[in-house]
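Student: got a sequence here, can you build the structure:
(chains A and B)
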Amino acid sequence: QKEVEQDPGPLSVPEGAIVSLNCTYSNSAFQYFMWYRQYSRKGPELLMYTYSSGNKEDGRFTAQVDKSSKYISLFIRDSQPSDSATYLCAPAGGTSYGKLTFGQGTILTVHP
Amino acid sequence: DGGITQSPKYLFRKEGQNVTLSCEQNLNHDAMYWYRQDPGQGLRLIYYSQIVNDFQKGDIAEGYSVSREKKESFPLTVTSAQKNPTAFYLCASSIGGQGNLQTQYFGPGTRLLVL
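Tutor: Next up, the predicted model:
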């Protein structure tokens, strides 16, 4: 079993749709939960992160963590074509050196 | 501008050849990382360095080597022992140290192709 599992998709939605991206993980020591966005042929960029369980909202994006079920989600409201990218979840913590464990990434396409 | 630079953008390797990928950062970060990205497999950690003159193997270090002689630089050599080197290589850095939220910042990547 991989330490972090993420549905690779691809996921294709119409503009304006609500998108749900999900990951599960097995390491209960994870404390920080990051989401990276990667446009085609570019390096990933940090989208947002949460600490421990709960929700965090940033504009059209909401990150949700349920540590009891080891389940993390990213919701995108009113999706736009510019949201088309690969989204990578990356739990972290429980170590002293900041190693991240990335999911496989979900490829999202938002079509006009 | 602060950031991470990687060069070259594309690199071609012949059979039996060693090639070196460059990574430089001016963020004054202590920690640096090298990842390999293949389709459908996400990012896999090759090597990482927490401080100058020190580095550790990641999950897929075989066939690769690194050095960390300067804080700003963390070059990756893909040796002839790496039998399947075709991939997108990403360098990243973070503040480092204990107790810090270890947000990693990525470079633009190098795409390595085998001739």
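
Student: residues touching B:Tyr10, list them.
Tutor: Applying C-beta atoms under 8 Å, 6 or more residues apart in numbering or on different chains to B:Tyr10 gives the contacts B:110-111, B:113. C-betas here are computed from N, CA, C, even on glycine.

Student: 7 Å - rerun?
Tutor: Contacts for B:Tyr10 were tallied using C-beta atoms under 7 Å, 6 or more residues apart in numbering or on different chains; they are B:111, B:113.

Student: how close does A:Leu47 get to chain B?
Tutor: Remark: distance between A:Leu47 and chain B (C-beta to the nearest C-beta, to the nearest Å) = 11 Å.

Student: swap in A:Ile18?
Tutor: Per C-beta to the nearest C-beta, A:Ile18 is found 24 Å from chain B.

Student: same question for A:Met48.
Tutor: Distance, A:Met48 to chain B, by C-beta to the nearest C-beta: 11 Å.

Student: residue nearest the centroid of chain B?
Tutor: By C-alpha atoms, centre = their mean, chain B has its centre lying nearest to B:Trp34, at 2.7 Å.

Student: so it bridges to which residues?
Tutor: B:Tyr47, B:Cys91 (DSSP bridges).

Student: gap between it and B:Tyr89?
Tutor: 7 Å (C-beta to C-beta, to the nearest Å).

Student: any idea which helix or strand carries the closest residue to A:Glu45 other than its chain neighbours?
Tutor: Leaving aside its sequence neighbours, A:Glu45 sits nearest to A:Arg37 (C-beta to C-beta, 6 or more residues apart in numbering or on different chains; 5.8 Å). Here A:Arg37 sits within strand A:32-38, counting by DSSP states H and E.

Student: what lines up beside that strand in the sheet?
Tutor: When DSSP bridges is applied, strand A:32-38 pairs with strand A:45-51 (antiparallel), strand A:85-92 (antiparallel).

Student: elements contacting the helix or strand harbouring A:Glu57?
Tutor: Assigning secondary structure by DSSP H and E places A:Glu57 in strand A:54-58. With contacts taken as 3 or more C-beta pairs under 7 Å, 6 or more residues apart in numbering or on different chains; DSSP states H and E, strand A:54-58 sits against strand A:45-51, strand A:61-66.

Student: I'm done for today, thanks for sticking with me.
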